[in-house]
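> Provided below for reference: sequence and predicted model.
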Amino acid sequence: MKRGIITVILIIVVIGLIAWVLNSNKKKNDEQTALVAQGSGAVSVRIAPVKKEAVDLNFSANGTFEPKQELNFLSENAGRVTKIYVDEGDRVSKGQILAHIDAEIINTDRETAQATLENAIKDEARYASSFKTGGVTQQQLDQVKLATKNARLRLQSSARRVSDANIKSPINGIVNKRYIEVGAFVTAQGTQLFELVDVSKLKLKVNVNEGQVANLNVGDRVQIKSNVFPADNFSGKITFIAAKADATLNFPIDIEVENNHKNTIKAGMYGTAIFKFPAQAPTITIPRGSFVGSVSSNQIFVLENGNKAKIRKVIAGRIINDQVEIIEGLKEGETVIISGQINLVDGSDVAPIK
């Protein structure tokens with residue numbers, strides 16, 4: 001019985017305590033609300049002092065290494081593969097014979113074209129002799145000469161096909177993939193024979209934003225780091241800068257990298273391009289979010305007399321990460337409003353947040 005009475009008393013005490021806390025909080029809120037109602041209606045804003053700071057243009061970008069040259073080598077003549085001289089992983093030189101195709105039919109065509117040309121030459125000689133004695137007309141002689149010319153072209157074409165029976169590498173590189181075996185039949189429509197890649201030089205493909213691409217030029221040297229060989233320093237040169245941004249508003253960049261270190265980079269590995277620039281003179285910069293609307297508006301709010309927001313026209317320069325260079329319109333010692341502009345008009349009362 002006594003235990004039940006004690007429990008009831010404790011519950012009453014707790015309820016009373018909660019009621020007292022809630023009533024106390026309500027009084028404080030009412031006091032704050034009354035204070036705001038009596039105030040001037042100033043807009044809360046964040047501010048920052050205007051000063052010159054050193055500009056760091058250095059940045060890095062990650063990308064993937066790709067071969068400088070990559071070729072899927074296709075057949076040009078029909079025939080059966082009789083010999084293969086290389087295998088996957090072999091290094092080949094430009095002009096080296098990779099495989100041989102049975103050229104029996106091609107040789108027959110060449111012999112026929114050779115015989116046709118010899119007959120055409122004989123006919124041309126006879127017609128030329130007859131033309132001197134008036135036996136044939138100039139038109140007939142011209143037709144024979146044309147036939148000789150066409151026969152010579154057919155022979156050249158046949159000779160080229162015979163030469164193509166020896167499949168030669170068009171580039172210096174490595175056989176990355178072999179698609180044929182001895183005895184396989186290839187067609188003139190382009191059977192895939194080999195995949196050749198040249199990794200003596202690589203291309204590191206990276207993307208940079210609009211503020212970064214403005215400081216880059218084709219031919220600039222770039223420091224390259226490989227994720228696989230972090231202790232090695234590679235050197236690269238910018239060979240391509242896209243003239244148009246991609247769907248993500250970034251600009252693709254190609255960097256040619258010499259792959260002549262002891263640790264050879266392989267195509268498909270990840271790498272980092274480190275872009276370094278000379279030290280820049282200190283300049284006035286403000287946060288990108290300080291602008292009314294966007295940077296292109298060239299309008300900001302400055303703080304005057306400690307509690308007034310005045311709109312100011314400025315000239316923006318480079319966009320450096322989340323900062324924007326101000327070329328004209330601001331001086332050191334002034335104060336710029338960096339947030340809360342959406343609620344401001346020229347001359348609004350403001351309350352800077354410390």
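Sure, I can see it. Residues are numbered from 1 along each chain as shown.
> can you pull up the bridge partners for the closest residue to Asn166 other than its chain neighbours?
Spatial nearest neighbour of Asn166, chain neighbours left out: Ile97 (4.9 Å); criterion: CB to CB, 6 or more residues apart in numbering. C-betas here are computed from N, CA, C, even on glycine. Here Ile97 shows beta-bridge partners Lys168, assigned using DSSP bridges.
> The residue positioned nearest the centre of the chain and Thr285, how far apart?
Among the residues of the chain, the smallest C-alpha distance to the mean C-alpha position (CA atoms, centre = their mean) belongs to Pro252, namely 2.5 Å. Here the distance between Pro252 and Thr285 works out to 28 Å (CB to CB, to the nearest Å).
> now the helices: where do they sit in the stretch 1-150 of the chain?
Using DSSP state H, counting those that start in this stretch, the helices assigned to the stretch 1-150 of the chain run over residues 2-38, 104-133, 138-163.
> Count residues in the vicinity of Asn263, would you?
By other CB atoms under 10 Å, 11 other residues sit near Asn263.
> And it, how far from Phe229?
The separation that Asn263 has from Phe229, given CB to CB, amounts to 4 Å.
> what residues are up against Gln138?
With contacts taken as CB atoms under 8 Å, 6 or more residues apart in numbering, Gln138 has the following neighbours: Phe131.
> Repeat that for Ala231.
Applying CB under 8 Å, 6+ apart, we find Ala231 in contact with no residue.
> Tell me the pLDDT of Asp4.
Careful, residue 4 is Gly and not Asp. As summarised for this prediction, Gly4 has a pLDDT of 63.
> picking that back up, which strand or helix spans the residue nearest to the centre of the chain?
Element membership for Pro252, per DSSP states H and E: strand 251-258.
> Give me the sheet partners of the helix or strand just after that strand and which way each runs.
Remark: after strand 251-258, the chain's next helix or strand is strand 270-275, criterion DSSP H and E. Using DSSP bridges, the neighbouring strands of strand 270-275 in the sheet come out as strand 59-74 (antiparallel), strand 221-226 (antiparallel).
> In a markdown table: these, plus mean pLDDT and distance to Asp346.
Converted to a markdown table, the strands paired with strand 270-275 look like this (pLDDT from 0 to 100; distance: least, CB to CB, whole Å):
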| stretch | mean pLDDT | distance to Asp346 |
| --- | --- | --- |
| strand 59-74 | 88 | 37 |
| strand 221-226 | 92 | 46 |
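> Which one of these lies nearest to Val186?
Closest to Val186 of the strands paired with strand 270-275, according to CB to CB: strand 59-74, at 8.9 Å.
> Could you give the bridge partners of Glu53?
According to DSSP bridges, the residues that bridge with Glu53 are Thr283.
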